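> Sequence plus predicted model, see below.
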Amino acid sequence: MSNMKIGVEVVSAHDLAPKDGQGSANPCVELKFDNQKFRTTIKEKDLNPQWNEQFYFNISDPSSLPNLSLEAYIYHINRNTNSKTLIGKVPISGTSFVPLSEATALHYPLEKPHIFSRTRGELCLKVFLTENPSTSPYNPLPDLDPFPSNTLHGQAYQSEPEISSPNSTSAQFKEKRTASTHTFNHLPREQTVNFAANEMSSGAPRDVRVLSSSSQQPIEYQLKETSPSLGGGQVLGANTYNLVEKVEYLFVRVAKARELPKKNITGSIDPYVEVRLGNYKGTTKHFDNNQNPEWDEVFAFSRELIQSSFIEVFVKDKDVLKDDFIGMIRFDLHDIPRRTPPDSPLAPEWHWLAGKKGEKIKGEIMLAIWFGTQADECFPIAVISDAVAPGVLFPNSEIRSKVYHAPRLWYLRVDIIEAQDIITSEKSRIPDVFVKCQLGNQVLKTKPIQAGTVSPVWNEDHIFVAAEPFDEPLILSVLDRVNPNKEESIGRVQIHLGSVEKRIEDRVINSRWYSLEKHGVAEEEHSKKDKFSSRIHVRVCLDGGYHVLDESTYYSSDLRPSAKQLWKPSIGLLEVGILNVEGLHPTKTRDGKGTCDTYCVAKYGQKWVRTRTIINSLSPKYNEQYTWEVYDHATILTVAVFDNCQLEKASVGIKDARIGKVRIRLSTLEAGRVYTHSYPLLILHNSGLKKMGELHLAVRFSSASMLNAMLVYSKPMLPKMHYIRPLSMTHIDLLRNQAVQIIAARLSRMEPPLRKEIIEYMSDVESHLWSMRKSKANFFRLVSVFSSFFTIVKWFSDVSWWKNPVTTVLVHILLVMLVCFPELILTTIFLYFFLIGIWNYRYRPRHPPHMDTRISCADTAHPDELDEEFDTFPTSRSSDIVRMRYDRLRSVAGRIQTVVGDIATQGERMQALLSWRDPRATVIGLIFCLGAAMALYVIPFSVVVVACGFYMMRHPRFRSKLPSAPINFFRRLPARTDLLL
């Protein structure tokens, strides 16, 4: 017997449904685990009971713990009838159990006992693994149902005495919850400094609630609703900076200096400024031989990290061996003013420099120092102290936050019509001519034409992706394929896209003739041969009526066409507050300790944002807010977390590591509501699924006009050119890859760069690749879609077999009513749908959907299936592994082949009924059709429907277990299976 035990603390319940008929209930909790059962005491007349009782379960086999589950049932105890009524239940998977040091009290929503019951409320439990329980375990109680009347006051329900401690997670519930069960506190500082009148205090405790999931994935992978203390200061303009926690900073703006003294022998000075606050310092760039430098740089020091009562500003001279001291100035933090936007910016002042002993020296420096928040307009351009570790210097270009705008993309349509006067070097050989079209890295070729004429005709249409500004020309080269390994250039032409006509609808563009230039021929020689030059006939245009797809179709964040003339007004505003990341796993080692250098990237439409990089932190706090205009709410916001791998000296060629990604569909958000949730960051490796941490976001979608937002649902998702002149799926896939490469090339040239691996991860470029896991997930999704149909079929089968005679009789009556009043059929169906929708409003989802590990089959995938999914293309595995996977794929394909063949067989039997392939069967079928036609002509249709319905629902006494005659007849019909080899 193992010493490992499961500890369960039943803390409280909230907002339970009344069950005693008087608006109250007598609740108690029953816990079941591994054939063991415990019960709490009964709370009389209490819909918000408090228990604070602990129980410990033995684990018979620790290796089977992931397959076990803890079940908590809340019952209402009726003292008069000695019975119990189930209020709700909470199942907790064994994969979500954590050690006692990591355990916290969580609120679990109660699940329905059955599909037609009404359940509400939450149960607060603390579940943990332990080897040394602090109290003796209870003896499991026998399963006694109903409860005896003499045990209703707790004698038979052994419970722990209430434990009172300063860190108790119990909460007092009256009408609503007034205290939190999960409080995030700051670590104690080494030194507490009180230098200002208004000391920063911890934010309000955050309430964490685990949200229910239909697939019942493990708790650690589920979305958690939080209640952070939001609301920074006001920013300039009408928008509010209220989706992040307020963080105060000490801003230092170093403007310029004048008349600095020369220090070295040569009489020159290379000045720079060092701002020092405790262990943190910021350094400006240096100027060569300049006594009046202008820096205009801003430094921001987080008030939470301040460990000094003064700030020092040093002016130094850059030198090879040791930097020389020029002068300094010191400020007391008590004397620094406070600024809150929309106050005017603080004007910088000139300050005399002082020597090491405090004496006044030559030279002045212009500074501005103030206390503010992240709402300050200088915050985006400032070097933030909480983004770097004390004493560690990193390039500011790699850690600063940035807003990027992706280039506007267009489809370039090139129609190669024909060429004239093609002259090759060998007159005796029939030329094999083709045209190569090149735009940047994109190359397309026409089919080769072998003809005796000097005017080949192609009439081929090719499409490229072009980005504004159109600085790359389109190059058309006419080539002659001499042999499979040699091509000879006949001529080429460059077409600048700035001169190409743009169109926004499906109209005909005028074609043009271009003279071909011999590549490498001198200009004088070319001018002599102008009248004999070859020509090419093409039609080129920029199609602005399309939307250039640069993302996966299901995760699109922008659906507008390329031409701005076709853009509709925005329907709302999307505001996102990136608060923090918690529980990160170390991804690198620095100074002997595991650490992370993380930043977040958010993408919506053409606007990309990148937060600052927080150095050496496993719980980074960003508190940055961004805004996007929304043109269609059937779009996706994507936020991802990366580990910055570009900060080390040997980081050339190293890619930034993925930590996790979050997708939020805007159509699932209620307008005007602030969603604050903690999203698990999940990464799927070839070794399995791993949770890297939790990303805390605050999201709000504000609709400018509810009517306009509703009208969007009636409009096509894509611009009309996609429907008038659609592109093939092959074209779309190729062009999507080209669009991603163009965006990656542009954004990687900015400072700080958004690298190619970031663009590809955010755009889901690998979503189309095949994997066994995705195939299983899609199959189970298909089964889930048809589950309602299968449920109806099963229900009708039960009705037909009289499993419930009352229901069967009612269905008979309903059938007769619908036949007698057929005009009520559609009315009844739509009214039923309406009532179902109204009924489901009460149980509507209250949180955005998130990635589900069960639906994705990520937690049940075989390791070899994951290794196959992350294999390169083409494969890099050994031949034995490839052979094994090929055999497995053949086995799966064989089952699919059998199912497809069975479906085809049934269809072929229907076709064979009147084809005289089986003469006797066709004669029987014709006689039946003639008889049915005569009978249906004489008998009213309503009588036929009622008779068929009654026959299908006949009593089992009139049924036989053998197949019916029509089924036997159908199965004997021939199919084309006899013709297969």
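Nice, I can see it. Numbering: from 1, shown residues only.

> After the helix or strand of the chain with the lowest mean pLDDT, which helix or strand is next?
Least confident helix or strand of the chain, by mean pLDDT, DSSP states H and E, is helix 523-528 with a mean of 51. Later in the chain than helix 523-528, the nearest helix or strand by DSSP states H and E is strand 535-543.

> now that following strand: mean pLDDT?
Taken as a whole, strand 535-543 has a mean pLDDT of 94.

> so what strands line up beside that strand?
strand 409-420 (antiparallel), strand 501-503 (parallel), strand 512-515 (antiparallel) (DSSP bridges).

> which one of the ones you listed is the most hemmed in?
strand 409-420 (a mean of 20; mean count of other CB atoms under 10 Å). C-beta coordinates here come from the backbone N, C-alpha and C atoms, glycine included.

> Could I get the contacting residues of the residue nearest the centre of the chain?
In the chain, the residue lying closest to the centroid (CA atoms, centre = their mean) is Arg663, at 2.0 Å. Listed by CB atoms under 8 Å, 6 or more residues apart in numbering, the contact set of Arg663 reads 555, 636-638, 851.

> if you set the cut-off to 10 Å instead, what comes out?
554-555, 557, 636-640, 679, 764, 848-851 (CB atoms under 10 Å, 6 or more residues apart in numbering).

> Compile those into CSV and extend it with columns for secondary structure and pLDDT.
Shown next, in CSV, are these (DSSP: H, G, I helix; E, B strand; the rest coil; pLDDT from 0 to 100):
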residue, secondary structure, pLDDT
Tyr554, helix, 86
Tyr555, helix, 89
Ser557, coil, 93
Ile636, strand, 94
Leu637, strand, 96
Thr638, strand, 96
Val639, strand, 97
Ala640, strand, 96
Tyr679, strand, 94
Asp764, coil, 89
Pro848, coil, 89
Pro849, coil, 88
His850, coil, 88
Met851, coil, 88
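
> one step back: of all the strands paired with strand 535-543, which lies closest to Thr284?
strand 409-420 (38.6 Å; CB to CB).

> Please save the CA atoms from the very next helix or strand once past that closest one in PDB.
Counting by DSSP H and E, the element after strand 409-420 in chain order, helix or strand, is strand 432-439. Extracted in PDB, the C-alpha atoms of strand 432-439 (Å, rounded to 0.1, in the frame of the first residue of the first chain):
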ATOM      1  CA  ASP A 432      11.100  25.200 -77.500                       C
ATOM      2  CA  VAL A 433      10.000  28.600 -76.200                       C
ATOM      3  CA  PHE A 434       8.500  29.500 -72.800                       C
ATOM      4  CA  VAL A 435       8.200  32.600 -70.600                       C
ATOM      5  CA  LYS A 436       9.500  32.900 -67.100                       C
ATOM      6  CA  CYS A 437       7.800  35.500 -64.900                       C
ATOM      7  CA  GLN A 438       9.600  36.800 -61.900                       C
ATOM      8  CA  LEU A 439       8.500  39.100 -59.100                       C
END
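
> Do me a favour and average the pLDDT over strand 432-439.
92.

> Pull the residues that contact the helix or strand just after that strand.
As assigned by DSSP H and E, the chain's next helix or strand after strand 432-439 is strand 442-445. With CB under 10 Å, 6+ apart as the test, strand 442-445 has contacts from 412, 414, 416, 434-438, 460, 462-466, 472, 474-475, 477, 479, 734-735, 738, 741-742.

> hmm, 7 Å instead?
When contacts are defined by CB atoms under 7 Å, 6 or more residues apart in numbering, strand 442-445 is touched by residues 434, 436-437, 462, 464-465, 738.

> what's near enough to touch Val482?
Val482 touches Glu488, counting by CB under 7 Å, 6+ apart.

> which stretches of the stretch 651-800 of the chain have low pLDDT?
651 (pLDDT under 70).

> could you redo the last one with a cut-off of 80?
651-653 (pLDDT under 80).

> That one: helices as residue ranges?
Using DSSP state H, counting those that start in this stretch, the helices of the stretch 651-800 of the chain run over 706-711, 721-724, 729-747, 756-763, 772-785, 787-800.

> Go through the ones you listed and name the closest to Ser964.
helix 787-800 (12.8 Å).

> Does anything pack onto the closest one? Which helices or strands?
Applying 3 or more CB pairs under 7 Å, 6 or more residues apart in numbering; DSSP states H and E, one finds that helix 787-800 contacts helix 805-820.

> And Phe299, its phi and psi?
phi -120, psi 140 (degrees, to the nearest 10).

> how deep is it tucked in, by neighbour count?
26 (other CB atoms under 10 Å).

> tell me which element the closest residue in space to it that isn't next to it in sequence is part of?
Spatial nearest neighbour of Phe299, chain neighbours left out: Gly282 (3.9 Å); criterion: CB to CB, 6 or more residues apart in numbering. Following DSSP H and E, one finds Gly282 within strand 280-283.

> next one: that strand to chain centre, how far?
36 Å (CA atoms, centre = their mean, to the nearest Å).

> partners of it in the sheet?
strand 271-277 (antiparallel).

> any idea how far Pro431 is from the residue lying closest to Ile423 once chain neighbours are set aside?
Of all residues not flanking Ile423 in the chain, Ser534 sits nearest, at 6.2 Å (CB to CB, 6+ apart). Noted for Ser534: a distance of 11 Å to Pro431, by CB to CB, to the nearest Å.

> quick one: common contacting residues for those two?
Common neighbours of Ser534 and Pro431 (CB under 7 Å, 6+ apart) are Ile422.

> domains for the chain, by residue range?
Following automatic domain parsing, one gets these domains for the chain: 5-151, 248-400, 409-543, 553-705+719-762, 775-971.

> Out of those, name the one with the poorest average pLDDT.
domain 5-151 (a mean of 80).

> Which positions within the longest strand that the chain contains qualify as buried?
As assigned by DSSP state E, the longest strand anywhere in the chain is strand 688-703. The neighbour-count check on strand 688-703 (16 or more other CB atoms under 10 Å) flags 689, 691-701, 703 as buried.

> Could I get the phi/psi values of Phe870?
Dihedral angles (degrees, to the nearest 10) for Phe870: phi -100, psi 10.

> Any idea how many residues pack against it?
13.

> can you confirm Arg957 is in a strand?
No - read with DSSP: H, G, I helix; E, B strand; the rest coil, Arg957 is helix and lies in no strand.

> Measure how buried it is and give me the count.
Counted with other CB under 10 Å, Arg957 comes out at 6.

> With Asn35 instead?
10.

> Ok, Asn82 next?
15.

> before we move on, what about Val581?
Residues near Val581, counting by other CB under 10 Å: 28.

> swap in Lys436?
16.

> Tell me the spacing between it and Arg507.
28 Å.

> And the helices of the stretch 651-800 of the chain: which comes nearest Val11?
Comparing those by CB to CB, helix 772-785 comes nearest, at 34.7 Å.

> so what secondary structure elements neighbour the closest one?
Using 3+ CB pairs under 7 Å, 6+ apart: helix 772-785 touches helix 863-869.

> for the helix it packs on, which positions count as buried?
865-866, 868-869.

> Can you pull out the residues in contact with that helix?
With CB under 7 Å, 6+ apart, helix 863-869 has contacts from 684, 686, 688, 771-773, 885.

> circling back: ok now do the residue nearest to Ile423, which residues does it touch?
Contacts of Ser534 (CB under 7 Å, 6+ apart): 419-423, 478, 490-491, 516.

> Among the residues you listed, which one is most surrounded by other residues?
In these, the most neighbours by other CB under 10 Å go to Ala419, 26 neighbours.

> so Val699 sits right up against Arg665, yeah?
No - here Val699 lies out of contact with Arg665, judged by CB atoms under 7 Å, at a distance of 11.1 Å.

> residues in contact with Ser856?
Going by CB under 7 Å, 6+ apart, the list of residues near Ser856 reads Ala777.
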